[in-house]
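>>> Fold the following for me, if possible:
(chains A and B)
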Amino acid sequence: MIEILGLTKYYGSITAVDKVSFRIGKGEVFGLLGPNGAGKTTIIKMLTTLSRPDAGICLIDGLNVLENPFEIKKRIGVVPQENNLDRELTAYENLLIYGMLHKVKRIEKKIRGALEMVDLWERRDSLVLSFSGGMQRRLLLSRALLTEPFILFLDEPSIGLDPQIRRQMWDVIRKTRIDGRTVVITTHYIEEAEALCDRVGILSKGKLIAIDSPENLKAMVGEYVVERVDGNGRLIQHICRDREAAHEVARDQQPPVIIRKSNLEDVFIKLTGERIE
Amino acid sequence: MITAGWYPIFYREMLLFRRKLLRLGYLFSAMIAPIIYLIAFGLGLGRNVRFQGSDYLTFLIPGLVAMSSMSNSYTWIATSFNLNRLYFKTFQIFVQAPISPSSIMIGEVLAGMVKGLFASVLIIIVGFLVPSGFSITPLFVLILLLNCFLFANLGVITGMLAKSHEDTATYSNFFIMPMAFFSGTFFPVDKIPNFIKPIIYILPLTHTNIVIRKAELDTEGLISFSVLIIYSIAFFMYGSRLIKNYNE
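Predicted structure coming up:
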């Protein structure tokens, strides 16, 4: 469905994306995980025709994105990281313009369905500038789904959302997956990647440093973590391959010690020595 | 609802325009500069001046219409296009839609033309209210439309090239402001010193002012009309190319 080969992008002297290659299968929910500046958004922009790669190839359904942008645009829906709604138009008008641009048939019915899906139908005639940040994120998601795209790109979809709204957003994304769509999500929320993604690609400084299912990635570095805070207030962590190994390590530590299951952030720290922020 | 690619772009601008029209200030801001010029130069200074065999107001009003159509077609599009590209990011939804760069261009330019024509109509109404020999001919209407088209195209180009919102004002100060004053709006270009004339004849508004005051196309008018057509095509093609090569 999506294939990236040696994808590279420079901004001046900075290498934003450095020879990244991976494949995403049809119907898969794939996450790009990494801190700010890791290159996640740049990859999404190259896949969605907003940005041109300096080297490498992006293929969607076997079509080169650079050579067939028109066909690619018919297949994709995008929720950008930066809100690009028209704030001085109503929710309905935003979807109407978007639907007209994408030549959506039976547009009124589809707009209603899209707005109901994110609980915004009652607010359809309100100007977007009167919406809260969470409502605007939901409207962006409904707009992206209006065209019933084969592939949905979500760039930090739940950034700035409170936990309740975030989970509501996840439910909509899960439903999208049930409908058979391929979903590509960038996030720096560990919980989000673990809750939604079949596979995760971990990015650091523009390079893809690991790619696998969240479970396999955690198993690769160790499934348990022993944590304690030292006398200087620093968090000391030991990643252990299993529960027994964790207990063995904990026995040698000065209490209080916490033993917990590892998460993708532990994977990231183990692989890069950095934290995801 | 299936529409041509340019229509949603145009429709969006019209929705925004309609909202702005409902704000009282917009109507006045579109009219204020030309009305000030009309009062200061036309009814004040120009009371005892005659150009080209007629009173000054008859000379001035077509020039003010040309100037107003230029600045409104240009400024609105240059500003909104630049803001939409750099700050509000709404331009992204056009780029990510399955429509051609020329469709984006047509939609924006038509919207710019509507805004330019709207401001022009206000001046024309005022022009008929003051005592003058001002009249409208088919050629006047054609040139007005062409002038709006040309400068809306230039507005898109500025919106695409300007690296910040402040830059659009710089472009305006360098190109639009001098054109407004030296291209035959307030006085005929033959009154300008010879050494500046070659520059003045490069400016598109000069040719609008030459031909918009003619009752029918003579040789001079035909040359100016051709210049306006060439500028319009060149600006349209360059604007479309800038949109096609858009790269974040």
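>>> Could you export the helix or strand where residue B:13 lies as CSV, CA atoms only?
Assigned by DSSP states H and E, residue B:13 belongs to helix B:6-21. Output of helix B:6-21 as CSV, limited to C-alpha atoms (Å, rounded to 0.1, in the frame of the first residue of the first chain):
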residue,chain,number,x,y,z
TRP,B,6,-11.7,26.4,-9.6
TYR,B,7,-15.3,26.8,-8.2
PRO,B,8,-14.7,25.7,-4.6
ILE,B,9,-11.8,28.1,-4.3
PHE,B,10,-13.9,31.0,-5.7
TYR,B,11,-16.9,30.0,-3.6
ARG,B,12,-14.8,29.9,-0.4
GLU,B,13,-13.5,33.5,-1.1
MET,B,14,-17.0,34.7,-1.7
LEU,B,15,-18.2,33.2,1.6
LEU,B,16,-15.4,35.1,3.3
PHE,B,17,-16.1,38.2,1.3
ARG,B,18,-19.8,38.2,2.2
ARG,B,19,-18.9,38.0,5.9
LYS,B,20,-16.5,40.9,5.5
LEU,B,21,-19.1,43.0,3.6
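>>> Enumerate the positions of it that are buried.
Neighbour-count burial for helix B:6-21, counted by 16 or more other Cβ atoms under 10 Å in any protein chain shown, picks out B:6-13, B:15-17, B:20. All C-beta spots, glycine's among them, are computed from the backbone N, C-alpha and C.
>>> any idea how far the closest residue to residue B:10 other than its chain neighbours is from residue B:146?
Nearest residue to residue B:10 in three dimensions, chain neighbours excluded: residue B:107, at 4.3 Å (Cβ to Cβ, 6 or more residues apart in numbering or on different chains). Using Cβ to Cβ, to the nearest Å, residue B:107 is found at 19 Å from residue B:146.
>>> Show me which residues of chain B sit near chain A.
By the rule Cβ under 8 Å from any Cβ of the partner chain, the part of chain B lying against chain A is B:1-3, B:5, B:7-9, B:11-12, B:15-16, B:19, B:88-90, B:92-99, B:246-248.
>>> Quick check: can you list the domain ranges of chain A?
What automatic domain parsing lists as the domains of chain A is A:2-216, A:217-272.
>>> how much distance is there from the last one to the middle of the chain?
Here domain A:217-272 shows a centroid-to-chain-centroid distance of 26 Å under the convention Cα atoms, centre = their mean, to the nearest Å.
>>> Next: the first one.
Per Cα atoms, centre = their mean, the displacement of domain A:2-216 from the mean C-alpha position of its chain is 7 Å.
>>> Now do the end-to-end distance for that domain.
Start-to-end span of domain A:2-216 (Cα to Cα, to the nearest Å) is 22 Å.
>>> do the same with stretch B:160-176
Across stretch B:160-176, the terminal residues are separated by 17 Å (Cα to Cα).
>>> if we look at it, which residues are touching it?
Here stretch B:160-176 makes contact (Cβ atoms under 8 Å, 6 or more residues apart in numbering or on different chains) with B:70-71, B:74-75, B:78-79, B:81-83, B:85-87, B:154, B:158-159, B:239, B:242-243, B:246.
>>> and stretch A:155-162, does that touch chain B?
No - Stretch A:155-162 is not in contact with chain B by Cβ under 8 Å from any Cβ; minimum separation 11.1 Å.
>>> Can you give me the distance of the residue positioned nearest the centre of chain B to residue A:125?
Central residue of chain B (Cα atoms, centre = their mean): residue B:70, 1.8 Å from the mean position. As judged by Cβ to Cβ, residue B:70 and residue A:125 stand 36 Å apart.
>>> ok, back up a step: under a three-state scheme, what state does the residue nearest to residue B:10 occupy?
What DSSP: H, G, I helix; E, B strand; the rest coil gives for residue B:107 is helix.
>>> likewise the one 4 residues further on?
Residue B:111 falls in the helix class when you classify it by three-state DSSP.
>>> what pLDDT does the residue nearest to residue B:10 get?
pLDDT for residue B:107: 97.
>>> Check the one 4 residues further on too.
Residue B:111 is assigned a pLDDT of 97 by the prediction.
>>> residue boundaries of the strands in chain A?
Assigned by DSSP state E, chain A shows strands spanning A:2-11, A:14-24, A:29-33, A:55-60, A:63-64, A:76-79, A:151-155, A:182-187, A:199-204, A:207-212, A:224-229, A:235-240, A:258-261.
>>> residues in contact with the closest residue to residue A:253 other than its chain neighbours?
Computed as Cβ to Cβ, 6+ apart, the closest residue to residue A:253 that is not its neighbour in sequence is residue A:228, at 5.2 Å. Residues near residue A:228 by Cβ under 8 Å, 6+ apart: A:235-236, A:253-258.
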